[in-house]
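>>> Here you go, sequence then predicted model.
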Amino acid sequence: MKSFFSKKGSNAYLIAFVLYGLSNSIRLLAFSGDIFSYGIKALIAMCQGLALIMLVFSWCVVFLHSRRFSIIALILIGFSAILSIAAHNYVLFWMVSFSALGRVADMHKIVKTVFLLAVFTLTCALVGLCSGILNNYTMIRQDGFIRYSCGFNHPNQAGCVVLAGCCSWAYTRWRVWGIADRLILIAAFAFTCIYLDSRTTALLLAVLIIVTELLNAFGERAWVQKAVPIVMLITIVFVIAATLAMMVFYDGEDPLFQSLNNALSGRPYYLNYYFENCPPGLFAQDLTNIRTEHDWGVGYWVTRGLLLDNAYGQLLFCYGWVQFCLFVAAVLALPTLILFGHREFDVGIALSVPMMLYGLMESQMLIVTFSAFPILMITASANVLLENQDTDRD
């Protein structure tokens, strides 16, 4: 039963992960013209439908092995589905589904899959640009710097894929880090700085390079393995506190806040704007028809849904305080367990730092196939907390 549980359930889970990843890759690419619109939407729907079928099969395998855990997973997935339907936003459903069922899969295979998806997406963007299928949008910052979307709908989405690929590569190359690996990260950093001008991605690639070098140099030492979960805890608490502080205390007339808002491209303003106009409740709310103010020189109102480049804020406003607190508790669990000796040190916990910081500036952290590390953290915690239930049968 154990081998069936591991092999069949893992295969179904990874197939679902790949299919959902392909749907996200297609969704992020900027296809030109309307001729592809219906076909692209149908392809996305087909990939997600097949992914859902594979997840159902994976759950059935879990049920055969551990009915108690399968019921817990089903309750969590069902709860997230209800909130997602209410919010008209299904990111939470996929995150909870892949987190709850992640116990059947090998974490290293998941990370390798993220890397391959990132390479595939970037390759498709390059081929699509050369063939004219994809648009290369030109965008200009307020400071006059010209940015290119590189076949994506926005340059920051290209940056997300680059960061995901680099984090995954660093994870898979742990203990065998060499000159070629350093050159890959340096090249990604240069491309992000020079061409994409994605400041968040560039900064976090620099963090990733530093963290990776430190881990490869000192990762086996006991004090490092104690320091890493502490740094992780501080990082998570910082991004949550920063999100809530900008949301509640932002004052557009304060010069300090104005400087912060300019530096962060309007993110504090929007956090506070949504907090004042549609404060989060206990559970989900539909923000698809909320009015969003755009200050484009003349200033006017349009209905565009939630315009918020902050994963934690988006989670809070769309799904409510209950789900927000559950997510925070889930990602805090793993560094806490490592710190108090309930789980062995894992390099993945350190490589989660760039992605957790990424959520402060971009909502793409919630897209599980390009940000697998929150899933790895939640799954690893579940393996510790529920290890005694793996062989239970009701």
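Done, it's in. Only a predicted model underlies this, so the values are computations on that prediction, with no experimental measurement involved.

>>> how deep is residue 289 tucked in, by neighbour count?
By other C-beta atoms under 10 Å, 9 other residues sit near residue 289. To be clear about C-beta, it is placed using only N, CA and C from the backbone, and glycine gets the same treatment.

>>> What of residue 119?
14.

>>> That one and residue 112, how far apart?
11 Å (C-beta to C-beta, to the nearest Å).

>>> now do residue 245
For residue 245 relative to residue 112 (C-beta to C-beta), the value is 37 Å.

>>> ok, the two, which is more surrounded?
The neighbour comparison of residue 245 against residue 112 (other C-beta under 10 Å) goes to residue 112, with 16 against 12.

>>> May I have the residues that are in contact with that one?
Contacts of residue 112 were listed using C-beta atoms under 8 Å, 6 or more residues apart in numbering, and they are 168, 172.

>>> Let's see that with 10 Å instead.
Residue 112 makes contacts with 14, 106, 168-169, 171-172, as judged by C-beta atoms under 10 Å, 6 or more residues apart in numbering.

>>> all strands for the stretch 201-350 of the chain, in order.
291-294, 300-303 (DSSP state E, counting those that start in this stretch).

>>> looking at those strands, which has the lowest confidence?
Averaging pLDDT over each of those singles out strand 300-303 as the lowest, with a mean of 50.

>>> so where's the chain uncertain?
1-9, 33-38, 141-144, 291-305, 384-394 (pLDDT under 70).

>>> Can you name the next helix or strand after the host helix or strand of residue 78?
Here residue 78 sits within helix 67-87, counting by DSSP states H and E. Per DSSP H and E, the first helix or strand lying C-terminal to helix 67-87 is helix 91-100.

>>> got the angle for the helix or strand following that next one vs helix 91-100?
Reading on from helix 91-100 to the C-terminus, the next helix or strand found by DSSP H and E is helix 107-131. Taking axes from the mean of the first three to the mean of the last three C-alpha atoms, to 10 degrees, one finds helix 107-131 and helix 91-100 inclined to each other by 140 degrees.

>>> quick one: strands adjacent to the helix or strand that helix 107-131 is followed by?
Per DSSP H and E, the first helix or strand lying C-terminal to helix 107-131 is strand 138-140. Sheet pairing of strand 138-140 (DSSP bridges) gives strand 146-148 (antiparallel).

>>> between the contacts of residue 112, which is nearest residue 284?
residue 14 (29.3 Å; C-beta to C-beta).

>>> Now do the strand or helix carrying the closest one: which elements does it pack against?
In the assignment (DSSP H and E), residue 14 maps to helix 2-28. Helices and strands touching helix 2-28, by 3 or more C-beta pairs under 10 Å, 6 or more residues apart in numbering; DSSP states H and E, are helix 37-65, helix 91-100, helix 107-131, helix 155-172.

>>> Let me have those in TSV, adding distance to residue 287 as columns.
Formatted as TSV, the helices and strands packed on helix 2-28 follow (distance: least, C-beta to C-beta, whole Å):
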stretch	distance to residue 287
helix 37-65	21
helix 91-100	13
helix 107-131	27
helix 155-172	20
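
>>> between those, which gets nearest to residue 29?
Taking the helices and strands packed on helix 2-28 one by one with C-beta to C-beta, helix 107-131 is closest: 6.2 Å.

>>> how far out from the middle of the chain is the closest one?
Offset of helix 107-131 from its chain centre (C-alpha atoms, centre = their mean, to the nearest Å): 16 Å.

>>> and it with helix 155-172, angle?
Using the same axes, to 10 degrees: helix 107-131 against helix 155-172 is 140 degrees.

>>> Could I get the buried residue list for helix 107-131?
107, 110-115, 117-118, 120-122, 124-125, 128-129 (16 or more other C-beta atoms under 10 Å).

>>> follow-up on the earlier one: among the helices and strands packed on helix 2-28, which is nearest residue 330?
Comparing those by C-beta to C-beta, helix 91-100 comes nearest, at 7.5 Å.

>>> so what secondary structure elements neighbour that closest one?
Counting by 3+ C-beta pairs under 10 Å, 6+ apart, helix 91-100 packs on helix 2-28, helix 37-65, helix 67-87, helix 311-339, helix 373-385.

>>> Could you give the number of residues near the nearest residue to residue 287 once chain neighbours are set aside?
Of all residues not flanking residue 287 in the chain, residue 306 sits nearest, at 4.6 Å (C-beta to C-beta, 6 or more residues apart in numbering). As a burial measure, residue 306 scores 19 neighbours (other C-beta under 10 Å).

>>> again with residue 241
10.

>>> do the one 5 residues further on as well
Residues contacting residue 246 under the criterion other C-beta under 10 Å number 23.

>>> Contacts only, for it.
257, 260-261, 264, 267-272, 275, 310, 313, 360.

>>> Serialize the residues you listed to CSV and add fields for distance to residue 42 and neighbour count.
Shown next, in CSV, are those (distance: C-beta to C-beta, whole Å; neighbours: other C-beta atoms under 10 Å):
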residue, distance to residue 42, neighbour count
257, 45, 17
260, 43, 15
261, 40, 21
264, 38, 20
267, 34, 21
268, 39, 25
269, 37, 20
270, 33, 23
271, 36, 28
272, 39, 19
275, 38, 19
310, 32, 26
313, 32, 25
360, 35, 23
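
>>> Out of the residues you listed, flag the one nearest to residue 201.
Nearest member of the contacts of residue 246 to residue 201, counting by C-beta to C-beta, is residue 360, at 12.7 Å.

>>> same for the helix or strand where the closest one lies, what does it pack against?
In this assignment (DSSP H and E), residue 360 forms part of helix 347-361. Here helix 347-361 touches helix 107-131, helix 155-172, helix 199-218, helix 222-249, helix 311-339, helix 373-385, going by 3+ C-beta pairs under 10 Å, 6+ apart.
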